[in-house]
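**Q** Structure of the sequence below:
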Amino acid sequence: MSHKKGALGPVRAVASREGDRVTTLELFFDLAFVFAFTQLSRLMAQDHDAVGVMQALVILALLWWAWTSYGWLSNIAHADQGVVRVAMVIGMTAIFVAGLVVLEAYDDLPGGLFGPMVFVGAYLVARVTHAIIFVLLSEPRYRRRTLVTVVLSVIPSGSLLTTGALLGAPWQIWCTLAAVAIEPIVSWRTSVGVQWPVRSTVHFTERHGLIVILALGESILGIGTGVATEPISLAILVGVVLAVLICVGLWWAYFTRLAGAAEQALTALSPAQRGHAATGAYTYLHLMLVGGIVLAALGLEVAMAHIDDAEAFGLFGAVALCGGVACYLAGAAFFARRLLGRWNLLRVGCAVVLLLLVPAISLVTPVIAIAIVAGLLLVLFGTERARRH
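**A** This next block holds a predicted model:
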């Protein structure tokens, strides 16, 4: 299959077509985000309180808008060809730098450059690079609307982030929250009446599936981080098996039937409906999935770090683990509702049960805590499987 170069705008690019798949450069690009996710877990574990968790989740949302922006760009044109390749490399490098200074995003460390501004600057390099190329490659009939969308999102959010970084606490978190809120609001408002094209459905769905699996890989890293330097013991072995079962359960919730059925449902829609559905189901709702994984990874890391202890798991670890898994299951249920048109009440119910169990799980030992969560997931998916037959 040949591809016409330069057909998307005034710069060299290779237009995507239906059936095109994710390129190796995109996988390479995602590694910078995986590193940033790992740093977010460290930020939450470092502060060990609700404020630290909120700060990390706000940064996660910022990173998500950056990632999904490049996801749409690589669906328009091949990521490993022409000017898009240059944009992907610049964006990947900038996001890696942002991830490198995540721990200084709110509190500058003594010596060196001013961490909060380095984070903001790196983030804006990634966003501005994307914005320029995205506008140039957009279809002529949508170019003006695309320009309005990126200008109204990048400039205000960038100004807020810069202001927050310079002012510091307590204003920085509020400015960052406002910057995060601007992105989806502007995108939603400027998309009214516009049929954004999804050039390759299989690429778009595969792209989002891969970021989910890479985020799950980060949760596996969290399991190992908690015990890698400790002498092996029976409690560690049991804890590792149970923690991996939880990660497998999260994989099962998305990749067995749901991901494939969602791709088929998106493909079955008309081109006019596909862009709107893809935005709601993937651009917005997948943030719940990734956020749930990052929180659950934090909970697993806390549990594994104290797996030999006979003391209580604690409220912080219980909220992270149960809240993360609950957020993931709820996100999967909303995702299924948006594309498949039906609620998975079992998953919604399991999410509610996990949240209700937080006080009780905080009082048991870490190994019992992860055993309860793993057991609930096994019951959930066993029940789902039984209902299908």
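
**Q** Contacts for the host helix or strand of residue 377, please.
**A** Element membership for residue 377 (DSSP states H and E) is helix 366-388. Contact partners of helix 366-388, identified using CB atoms under 8 Å, 6 or more residues apart in numbering, comprise 235, 238-239, 242-243, 245-246, 249-250, 252-253, 300, 302-304, 306-307, 309, 313, 317-318, 321-322, 325, 329, 344, 346-347, 350, 353-354, 357, 361-362, 364. For glycine as for every other residue, the C-beta is placed from the backbone atoms N, C-alpha and C.

**Q** and if you look at stretch 157-167?
**A** So stretch 157-167 is contacted by 62, 114, 116-117, 119-120, 123-124, 127-128, 171-176, 178-180, 182-183 (CB under 8 Å, 6+ apart).

**Q** about what we covered before: name the residues of the helix holding residue 377 that are buried.
**A** Judged by neighbour count using 16 or more other CB atoms under 10 Å, the buried positions of helix 366-388 are 366-367, 369-374, 376-377, 380-381, 384.

**Q** where's that helix relative to the chain centroid, distance-wise?
**A** Relative to its chain's centre, helix 366-388 lies at 24 Å (CA atoms, centre = their mean, to the nearest Å).

**Q** and if you look at stretch 213-233?
**A** 19 Å.

**Q** Please apply the same query to stretch 127-141.
**A** 23 Å.

**Q** Please apply the same query to stretch 17-25.
**A** 20 Å.

**Q** Mean confidence (pLDDT) on that stretch, please.
**A** For stretch 17-25, mean pLDDT is 91.

**Q** can you check stretch 81-100 too?
**A** On average, stretch 81-100 scores 95.

**Q** which stretches of the stretch 151-300 of the chain have low pLDDT?
**A** Across the stretch 151-300 of the chain, the ranges flagged by pLDDT under 70 are 191-194, 226.

**Q** Just the ones of the contacts of helix 366-388 in helices?
**A** 235, 238-239, 242-243, 245-246, 249-250, 252-253, 300, 302-304, 317-318, 321-322, 325, 329, 346-347, 350, 353-354, 361 (DSSP state H).

**Q** Are any of the contacts of helix 366-388 buried, and if so which?
**A** Counted by 16+ other CB under 10 Å, these give 235, 239, 242-243, 245-246, 249-250, 252-253, 300, 302-304, 306-307, 313, 317-318, 321-322, 325, 329, 344, 346-347, 350, 354, 357, 361-362 as buried.

**Q** Which residue ranges of the stretch 1-150 of the chain form helices?
**A** Secondary structure of the stretch 1-150 of the chain, counting by DSSP state H, counting those that start in this stretch: helices at 24-47, 50-76, 82-100, 115-137, 140-167.

**Q** and the angle from the last one to helix 115-137?
**A** To tie it back to what came earlier, the one meant is helix 140-167. 170 degrees (axes from the mean of the first three to the mean of the last three CA atoms, to 10 degrees).

**Q** can you give me the offset of helix 140-167 from its chain's centre?
**A** Distance, centroid of helix 140-167 to centroid of chain: 21 Å (CA atoms, centre = their mean).

**Q** going on from it, what's the next piece of helix or strand?
**A** helix 171-190.

**Q** buried set for that next one?
**A** 172-173, 175-180, 182-184, 186-187, 190.

**Q** what's the angle from that helix to helix 140-167?
**A** 170 degrees.

**Q** what's next to helix 171-190, contact-wise?
**A** Under CB under 8 Å, 6+ apart, the answer for helix 171-190 is 51, 54-55, 58-59, 61-62, 65, 106, 116, 145, 148-149, 152-153, 156-158, 160-161, 163-165, 167, 279, 283-284.

**Q** try 7 Å
**A** 55, 58, 61-62, 65, 106, 145, 148-149, 152-153, 156-157, 160-161, 163-165, 284 (CB atoms under 7 Å, 6 or more residues apart in numbering).

**Q** All set now, cheers.
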